[in-house]
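[1] Need the 3D shape of this:
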Amino acid sequence: MTMTGTEVLDHWIAGAPHAGSGTRTGPVYDPAKGEVSKHVRFAAAADVDTAVAAAQEAFTAWSQVSMAKRQQVLFAFRELLAARQEELAHILTSEHGKVLADAGGEIARGLEVVEFACGASAHLKGEYSVNVSTGVDVYSVVQPLGVVGIISPFNFPAMVPLWFFPLAIAAGNAVVLKPSEKDPSAANWMAALLKEAGLPDGVFNVVHGDKEAVDTLLTHPDVAAISFVGSTPIARHVYETATAHGKRVQALGGAKNHMLVLPDADLDLVADAAVNAGFGSAGERCMAISVVLAVDSIADELVAKIRERMSGLRIGDGRRGTDMGPLITGEHRDRVASYVDVAVGDGAELVVDGRTIEPDGDPDGFWLGPTLLDRVPTSSRAYTDEIFGPVLSLVRVSGYEEGLEIINASPYGNGAAIFTNDGGAVRRFQLEVTAGMVGVNVPIPVPVAYYSFGGWKASLFGDAKAYGRHGLSFFTREKAVTSRWLDPSHGGLNLGFPEHD
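    Numbering: from 1, shown residues only. This is a model prediction of the structure:
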């Protein structure tokens, strides 16, 4: 590992970089080179307090700004982000390692949510009922929560924050974002872009750090809500801690996504989808396909087709036009690679070993090539654990019923896919599978911005999904008003119980 980075990334508080009082820092790697490109400051509790105080002060004015003016800021941000997305893509690739094309796709999906937020006024309307009783009207108004905290993961340092903060800001809230300390620069870049778009100082703040910063946000008395995406154990901690402190919480956890392949499926389509969804972004996606359930009669042919496609993948530095980049850190690469030995020890067949890859890039990079395992036992930790890397496991099943049973037995319920030309099987699957997002002849897609993202079971804590109508509902609360304007002829007393007349 080479130590070359001398730059230190500050927090962003009240519209400007902020060094804070914390004395700790953490390394930020260029994963394709295996070297430290910069360091990032870790917030002390006092730094989080400073950010929350700035957000609280800004909220007072921002919550009173008209929807039209909020939309103007979001429209300006959308135009700036669209025009400069290539710049952001290079930041993502340099710190996460994903190839530039994948980084561009991440930004595009985030832009969809910004565009949805630009039209949020259509979804923030109340209701009005006239004459619910004689001379009495009832109506509802939608109001922001206050200061909201967002805690985002390393695998989508731009897209996941964009799932949340445009909607929070559109609804009139102020934001404190705690991005992953592994690839933090995108957060500051977006903060500066929001300022350029006209967002008042303090409405959007960024604090960097680790568990100290996270736990301070979760327990802070002036933070009204928490949005989180990450692994299931941490999501559970976030949910339990924040709700115990009276906060509204949406906590999206881990996944073990399955693809069920029936005998009548187009196996070329299946093989393409398995490779794309299994190894895109080096498998560091909560929507990655990590398990293919193949009916016995077509399993051998499918394995051969997947292996053939894997042989043509180019692994290397994402800035060189490769198909797949490195993993985020050397530690994470080693943990993912360890599951190969676990699987083989449990009886799985190692079809393609990504540990022997020769990358198109610096040999010190955090490389692990696409790996294919066949006949993986469902009792193996290589099957049960969320590996979060380019390891694709194939499990052989007797048919639809066994495949569905395996999927539904998983503690995770983020997504599931089925590949078949049998409409009856598809109809059953979409109704019977216990997962929040379903793909039919496509690997599990991230829903478009006007739907909502989120799983079931241990993949989601709380009852609020990300973005779409769920997102706007999460960042607002409704107030019902019962109103009576008396005409001049009214008079007299009545001490009886009010009646509906």
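[2] going forward, measure contacts and count neighbours with C-alpha atoms only.
    Fine.
[3] where does the closest residue to Ile418 other than its chain neighbours fall, phi/psi-wise?
    The shortest distance from Ile418 to any residue other than its chain neighbours is 4.7 Å, reached at Leu260 (CA to CA, 6 or more residues apart in numbering). Main-chain torsions, Leu260, degrees, to the nearest 10: phi -90, psi 120.
[4] ok, now which ones touch the most centrally placed residue in the chain?
    To find the centre residue of the chain, average its C-alpha atoms and take the closest one (CA atoms, centre = their mean): that gives Val160, at 4.2 Å. Contact criterion CA atoms under 8 Å, 6 or more residues apart in numbering gives Gly110, Ser152, Pro153, Val229 as the residues in contact with Val160.
[5] beta partners of the residue nearest to Ile418?
    Bridge pairing for Leu260 (DSSP bridges) gives the partners Leu293, Ile418.
[6] Can I get the contacts of Val160 in JSON lines including pLDDT?
    Below are those laid out as JSON lines (pLDDT from 0 to 100):
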{"residue": "Gly110", "pLDDT": "97"}
{"residue": "Ser152", "pLDDT": "98"}
{"residue": "Pro153", "pLDDT": "97"}
{"residue": "Val229", "pLDDT": "97"}
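[7] for those, which one is nearest Phe388?
    Proximity to Phe388 was ranked across these by CA to CA; first place goes to Pro153, at 12.4 Å.
[8] Closest to Glu401 out of the contacts of Val160?
    Compare each of the contacts of Val160 with Glu401 using CA to CA and the shortest gap goes to Val229, at 31.9 Å.
[9] Touching, Asn205 and Ala14? I think so.
    Yes: the pair Asn205 / Ala14 is scored as a contact, 6.5 Å apart, by CA atoms under 8 Å.
[10] Leu124 belongs to a helix, doesn't it?
    No: secondary structure of Leu124, determined by DSSP: H, G, I helix; E, B strand; the rest coil: coil, with no helix assignment.
[11] Would you mind confirming that it makes contact with Pro144?
    No: taking contacts as CA under 8 Å, Leu124 lies outside contact range of Pro144: 10.1 Å.
[12] Counting neighbours, go ahead and name the busier of those two.
    Pro144 (24 against 18; other CA atoms under 10 Å).
[13] Dihedrals phi and psi, the more buried one?
    As for Pro144, its main-chain torsions (degrees, to the nearest 10) stand at phi -70, psi 170.
[14] so how far is Ile169 from it?
    Using CA to CA, to the nearest Å, one gets 9 Å for the distance from Pro144 to Ile169.
[15] cool, and Val438?
    Taking CA to CA as the measure, Val438 falls 30 Å from Ile169.
[16] which residues in the stretch 401-501 of the chain form strands?
    Listed in chain order, the strands found in the stretch 401-501 of the chain under DSSP state E, counting those that start in this stretch are 412-413, 415-419, 437-440, 456-457, 460-461, 476-484.
[17] which residues are in contact with the fourth one?
    Identification of contacts with strand 456-457 by CA under 8 Å, 6+ apart yields Pro411, Tyr412, Gly413, Asn414, Thr434, Ala435, Gly436.
[18] Mind doing that once more with 6 Å?
    Contacts made with strand 456-457 from outside it, assessed by CA atoms under 6 Å, 6 or more residues apart in numbering, are listed as Tyr412, Gly413, Asn414, Ala435, Gly436.
[19] surely Thr420 meets Leu267?
    No: with contact defined as CA atoms under 6 Å, Thr420 and Leu267 do not form a contacting pair (9.5 Å).
[20] so where's this protein shaky on pLDDT?
    1-5, 488-492, 497-501 (pLDDT under 70).
[21] how about the residue nearest to the centre of the chain, secondary structure?
    Look at Val160: counting by three-state DSSP, its state is helix.
[22] Ser152 versus that one, what's the distance?
    Using CA to CA, one obtains 6 Å as the distance from Val160 to Ser152.
[23] And for the residue lying closest to Ser452 once chain neighbours are set aside, the neighbour number?
    When the adjacent residues along the chain are set aside, Ser452 lies closest to Gly468, with 4.8 Å between them (CA to CA, 6+ apart). Applying other CA under 10 Å, we find 23 other residues in the vicinity of Gly468.
[24] Nothing else from me, thank you.
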